[in-house]
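Visitor: Okay, structure incoming, though there's no sequence with it:
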C-alpha cells in the first residue's frame, strides 16, 4: 500500500452540464445571499422619487449581487473550471466565535477583558500563531481600544467587569 492518492476519477454530485463546479456553486451561494438580503430588506421603505429610503441601498446591492451571482453560475455552466477545492473552516470559525464572544461579553466583562479575549480567540484561527506575539499585539490593541472609545470618541462603555467595579 502506498501513500500516494489513487488516480481514480472522483464522482461528482453535480449534473454533467456543469463544467466549472467551483464557479457554479459559488454563483449559487451569491444568489442565495442576494435572495436573503432582498427578503430581509422587504420591510424597509424604498425609494420615493429622487429620495432614498432605508431599503433602497440594500435592495440595489442585493440585485447587483444577484446578477453577478447568476453570471458567475452561468460561467460555471459554459466554461471549464476547477473542481470544488477543500476549504479550511478553522479561521472563519474562530473569527466568528471571537465576534460572538465580544458581542455577548462586552457588557458583563467590559471592554478590556472582552477585547483581549476576543483577540486571543481569533488568534486560535491559525496554526501559525506565535502566542507571545499574539499576547503583546492583543494587549496593545486592547489599550488602543480602551483609549479610543471612551476618551477620544466619548462612548459610554464599561471598561472592566461589573464584579470588579462594584
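Guide: Done, it's in. Here the structure is a predicted model, which is why all the values come from computation and not from measurement.
Visitor: Skip the chain neighbours and tell me the closest residue to residue 149.
Guide: Leaving aside its sequence neighbours, residue 149 sits nearest to residue 155 (Cβ to Cβ, 6 or more residues apart in numbering; 4.8 Å). In this view, the C-beta of every residue, glycine as well, is placed from N, C-alpha and C.
Visitor: Sticking with that neighbour, tell me its helix or strand.
Guide: Counting by DSSP states H and E, no helix or strand carries residue 155.
Visitor: which intervals of this protein have sub-threshold pLDDT?
Guide: 1-12, 47-51, 166 (pLDDT under 70).
Visitor: any idea where the helices of it begin and end?
Guide: Under the criterion DSSP state H, helices of the chain are mapped to 21-40, 56-78, 90-123, 131-147, 162-165.
Visitor: domain ranges for this structure?
Guide: 10-78, 90-165 (automatic domain parsing).
Visitor: Export the ones you listed to a markdown table and append columns for distance to residue 84 and mean neighbour count.
Guide: Putting these into a markdown table (distance: least, Cβ to Cβ, whole Å; neighbours: other Cβ atoms under 10 Å) gives the following:
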| stretch | distance to residue 84 | mean neighbour count |
| --- | --- | --- |
| domain 10-78 | 5 | 14 |
| domain 90-165 | 17 | 14 |
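Visitor: how near is residue 127 to residue 63?
Guide: Residue 127 sits 40 Å away from residue 63, going by Cβ to Cβ, to the nearest Å.
Visitor: oh, I was asking about residue 75
Guide: On the measure of Cβ to Cβ, residue 75 and residue 63 end up 19 Å apart.
Visitor: got it, and residue 157?
Guide: For residue 157, the distance to residue 63 - Cβ to Cβ - is 37 Å.
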